[in-house]
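> Would you be able to build a 3D model of this:
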Amino acid sequence: MKKKRLRKRIVMDLILMDLIVLILLLSILYRGLKVTIIDHYIKDDELYLVFQDKVFWSLDNIVWAETDENNTVAIPVSADPSGLRIKNRFGYTYGNYSLLDPYLSDASSATASVIYIAVGANESIFNYLDSANKDEASFLSLDESICKVEQDGTIKGLENGQTSLRATVSNKTYMFDVTVTDLIDPLGSEFNYEKDFITPDLYTREDNDLLDAILVSRIEKAGYQSRAAVLATAWFLALEFPYRIHYFDENGRIDSYTDRYSDGEGRYYHIGLYLDESRYENLDQKLIRDTPAVWGGILVEYSNDRIWPNGLDCSGFVSWCLLQAGYDPGDLGAGIAEWDDLSDLGPKSWLASSLSEIKAGDLLVGGDDLVEGGHIAILAGLKDGYFYVAESQGTSEYYWGYCIRKYSAEELLQYFFYRVDMAEYYGKDGNYKEYWLSE
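Below you'll find the predicted structure:
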């Protein structure tokens, strides 16, 4: 009897083990047949799908690709969802089946995938998300020692470094690369006249590259080749860049109506900031009189017969600003003369008669001698009846160099005579704001 019971138990145990093995095999087979997305996020206008297992995928059922080492697929947000085909490890194809619909339908889009923020600055993540539902949002910083994200979407820059930020809005997830840096200042409400003037050797090539990238990000956020892009450039140089730029009366231009040809002396008609000696390679070597110098470096200022820190004169700033924003007016000067000047970029009118029509981004022309040169500036903001003018000028010790100066209407009419309407030249407003801290 005991032997029979023992044999029976052995048989039952074997049957049970077979059943367990069969269940395991079936579960493995089921998992192999099943396609499961375990995560997703949007970055650089691409939808990233993370699968539980390795799969093959195609958008046209002709060209097939394998998921990467993280079982991830990157699909353009603009792709037709119905075109996606998935093959599992056994070659079974999921077709005529819109796998992307749950992830692309009613999705908000990100205006950028890289965020640059100053140490000590606060910025809303919703500045980088279109049509975001703030009531259905959550956020995560992968390194809260570098930046922290409050649940209202406020990003706080804490210390220098790079990390990633994850934003989930209405069940859609977006990933941002975040750089926190002390190379820029938090955006203030007005220009800081207590800032130091720039000196040479403050920046490395890498620093210059990073600051150029930050400027490009501000321009792209405003809308490249737009009025807003010009304003973003002016705001960046005055309010985020931590140093003041000297006024330097140009030694000549690339495009000149006289024999005073020069490059990089009181002007810098090239893309980016002029902070490191690596930027000398951008200069026209035929137009360099002496040893070149970056902003703050010492040059001979021939018009005043003195040794002086390099910087920008009034038209040097305006032409540089327009070039960064995507326009190419030429390396032109100020004034109203027979030759082409920046004041010829749009219709001119007396400022006193068109003050009510003026718009941030329009040019302002003034000065004592409008024919020989005069003075030119950009209206950078309007707020509470005041006019904020981005200009580089060398007539006042307090306002010396590049700044954004606050004028009352009476003061503005005292210093400037003409308004240049830039609507046709710009073509579009972009993400226009009358004042840099406006929502």
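> hey, let's count contacts and neighbours off CA atoms from now on
Fine.
> and this protein, what are its domains?
Domain segmentation of the chain under automatic domain parsing yields 37-104, 107-182, 227-426.
> Just say helix, strand or coil for residue 377.
strand (DSSP: H, G, I helix; E, B strand; the rest coil).
> list the contacts for it?
Residues near residue 377 by Cα atoms under 8 Å, 6 or more residues apart in numbering: 314-315, 318, 363-365, 389-392.
> can you pull out the helices in the stretch 151-300 of the chain?
Using DSSP state H, counting those that start in this stretch, the helices of the stretch 151-300 of the chain run over 205-222, 227-235.
> ok, and residue 318, which helix or strand is that part of?
Following DSSP states H and E, one finds residue 318 within helix 314-324.
> typo on my end, residue 148
strand 147-149.
> which stretch among the domains of the chain comes nearest residue 219?
Closest to residue 219 of the domains of the chain, according to Cα to Cα: domain 227-426, at 4.8 Å.
> I'd like the average pLDDT over that closest one.
Averaged across domain 227-426, pLDDT comes to 91.
> Quick one: end-to-end length of that domain, please.
In domain 227-426, first residue to last residue: 6 Å (Cα to Cα, to the nearest Å).
> What of stretch 425-437?
25 Å.
> what's next to that stretch, contact-wise?
Taking Cα under 8 Å, 6+ apart as the rule, stretch 425-437 contacts 189, 221-229, 235, 345-346, 359-360, 380-383, 439.
> In PyMOL, select just the buried ones from these.
Typed into PyMOL, the line below selects the buried ones among the contacts of stretch 425-437, using 16 or more other Cα atoms under 10 Å:
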select buried, resi 221+222+223+224+225+226+227+228+229+235+345+346+359+360+380+381+382
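> residue nearest the centroid of the chain?
residue 217 (1.1 Å; Cα atoms, centre = their mean).
> Roughly how far does that residue sit from residue 346?
27 Å.
> likewise residue 357?
From residue 357 across to residue 346, the span is 14 Å (Cα to Cα).
> Kindly report the same for residue 120.
Relative to residue 346, and taking Cα to Cα, residue 120 is found at 40 Å.
> And residue 135, by the same measure?
45 Å.
> Contact partners for the closest residue to residue 255 other than its chain neighbours?
Computed as Cα to Cα, 6 or more residues apart in numbering, the closest residue to residue 255 that is not its neighbour in sequence is residue 331, at 5.2 Å. Residues near residue 331 by Cα under 8 Å, 6+ apart: 253-256, 269, 316, 319.
> Going by distance to residue 180, which of those wins?
residue 269 (28.8 Å).
> Neighbours of that closest one, how many?
For residue 269, the count of nearby residues is 27 (other Cα atoms under 10 Å).
> Go ahead and confirm it touches residue 324.
No: taking Cα atoms under 8 Å as the definition, residue 269 is not a contact partner of residue 324, at 9.2 Å.
> Just the strands from the stretch 51-200 of the chain, written as ranges.
56-58, 65-66, 72-76, 85-87, 93-94, 114-118, 122-124, 137-141, 147-149, 154-157, 161-169, 172-181 (DSSP state E, counting those that start in this stretch).
> Out of the ones you listed, which gets nearest to residue 399?
strand 114-118 (25.3 Å).
> Would you list the strands that the closest one pairs with, along with their directions?
According to DSSP bridges, strand 114-118 has the following sheet partners: strand 172-181 (parallel).
> Touching the strand it pairs with from outside, list them.
40-43, 103, 107-108, 110, 112-119, 146-147, 157-168.
> where in the stretch 1-150 of the chain is pLDDT low?
Residues of the stretch 1-150 of the chain meeting the criterion pLDDT under 70: 1-35, 42, 44-45, 77-83, 88-112, 130-133.
> What separation do you get for residue 145 and residue 347?
52 Å.
> Same question for residue 297.
37 Å.
> swap in residue 150?
47 Å.
> cool, and residue 139?
48 Å.
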